[in-house]
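**Student:** This is the structure alone, sequence omitted:
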């Protein structure tokens, strides 16, 4: 267990040497991977989201494919399609799409139409693709890293609620601090080296053994109940969202070397796990209410000091 966490610490160091000044982003991404989920990276273009995805695949030794989402992208361009081959019986063979990789970068996912976005649903939920009635399993571990431009930018399509809920975490990538700007301008990012002794599936199993107190479970349930009753929200916390929050908190505790979940793990996991799941009503948006404000209000009422 200690050797595996040491490998994860080396992976975290490798990624931090590529993406300067984004330690929180790197830690939340690793927690998502350890928890067995998918991550949505949101931020302005040019902040290193694509760089982080590629560096993660190289350092972890996982296969990698990138899909550039555009308005003319079709679902079959993502999942694959059947093509005619006269050399085989029946005449048609399935040609796998780029989704058949361990790390799939869905770059600028919200520039594609909702129909194409939904092509990822089965893959993200069941780690498989169905084509012409045949089910094709995806390689494990399987991780979708999607980048998203803020919705205020031109040419973007909001992700459907069902699609958002399939992402365990939404990781906000902010502009770097001034000292990091200077480092970026003076240094070239390191080339990530493959980390030896890394087993992400084993890390997932070990993170699930992190002990969670009954008080923490009650706090999660209370938060979910209060969110359902909050008039500022048109969509609150689903059971899938609550489980994602718990799994992400467990992974953060595991990465920190703790065998027990504490309140700080729950608070740290709340924003990436819940910010894309709590959707405001039109009235709340008109009044200038922010999801972050609602979330912090819920946590103050349910999390122990």
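**Tutor:** Done, it's in. As the structure is a prediction and not an experimental result, all values here were calculated from the model.

**Student:** which ones are touching residue 223?
**Tutor:** Counting by CB atoms under 8 Å, 6 or more residues apart in numbering, residue 223 touches 237, 298-299, 302-303. In this view, the C-beta of every residue, glycine as well, is placed from N, C-alpha and C.

**Student:** one more time with 10 Å, if that's ok
**Tutor:** Applying CB atoms under 10 Å, 6 or more residues apart in numbering, we find residue 223 in contact with 236-237, 242, 245, 266, 270, 274, 295, 298-299, 301-303.

**Student:** In helices, which of the residues you listed appear?
**Tutor:** The helices, defined by DSSP state H, take in 242, 245, 266, 270, 274, 295, 298-299, 301-302 from those.

**Student:** returning to what we had before: please pick the buried ones from the contacts of residue 223.
**Tutor:** Listed as buried from those are 236-237, 242, 245, 266, 270, 274, 295, 298-299, 302-303; burial here means 16 or more other CB atoms under 10 Å.

**Student:** Centroid-nearest residue for the protein?
**Tutor:** residue 39 (0.8 Å; CA atoms, centre = their mean).

**Student:** thought that residue was touching residue 104?
**Tutor:** No: the criterion here is CB atoms under 10 Å, and residue 39 misses it with residue 104 at 11.3 Å.

**Student:** joint contacts of those two?
**Tutor:** Both residue 39 and residue 104 are contacted by 53, 143-146, under the criterion CB under 10 Å, 6+ apart.

**Student:** Looking at the buried ones among the contacts of residue 223, which one is closest to residue 180?
**Tutor:** residue 270 (25.3 Å; CB to CB).

**Student:** residues contacting that closest one?
**Tutor:** 220, 223, 245, 248-249, 295-296, 298-299, 303.

**Student:** Repeat the analysis, applying 8 Å as the threshold.
**Tutor:** So residue 270 contacts 245, 295, 299 (CB under 8 Å, 6+ apart).

**Student:** How are the helices of the stretch 201-305 of the chain distributed by residue range?
**Tutor:** Applying DSSP state H, counting those that start in this stretch to the stretch 201-305 of the chain gives helices spanning 214-229, 239-255, 263-274, 282-286, 291-302.

**Student:** So for residue 131, which of these sits nearest?
**Tutor:** Among these, helix 239-255 sits nearest to residue 131 (CB to CB), with 25.4 Å.

**Student:** Give me the buried positions along that closest one.
**Tutor:** Within helix 239-255, the residues that count as buried by 16+ other CB under 10 Å are 241-242, 244-255.

**Student:** Could you name the helices and strands sitting against it?
**Tutor:** When contacts are defined as 3 or more CB pairs under 8 Å, 6 or more residues apart in numbering; DSSP states H and E, helix 239-255 packs onto helix 2-16, helix 23-34, helix 200-207, helix 214-229, helix 263-274.

**Student:** Beta-bridge partners for the residue nearest to the centre of the chain, please?
**Tutor:** residue 145, residue 169 (DSSP bridges).

**Student:** contacting residues for it?
**Tutor:** 28-29, 32-33, 143-146, 167-171.

**Student:** Poorly predicted segments of the stretch 51-200 of the chain, please.
**Tutor:** 85-86, 88-91, 150-157 (pLDDT under 70).

**Student:** at 80 instead, please
**Tutor:** Scanning the stretch 51-200 of the chain for pLDDT under 80 picks out the ranges 82-94, 113-115, 117-118, 131-133, 149-160, 162, 190.

**Student:** Could I get the full set of helices for it?
**Tutor:** Remark: helices assigned in the stretch 51-200 of the chain by DSSP H, counting those that start in this stretch are 75-79, 114-117, 121-126, 161-166, 178-186, 200-207.
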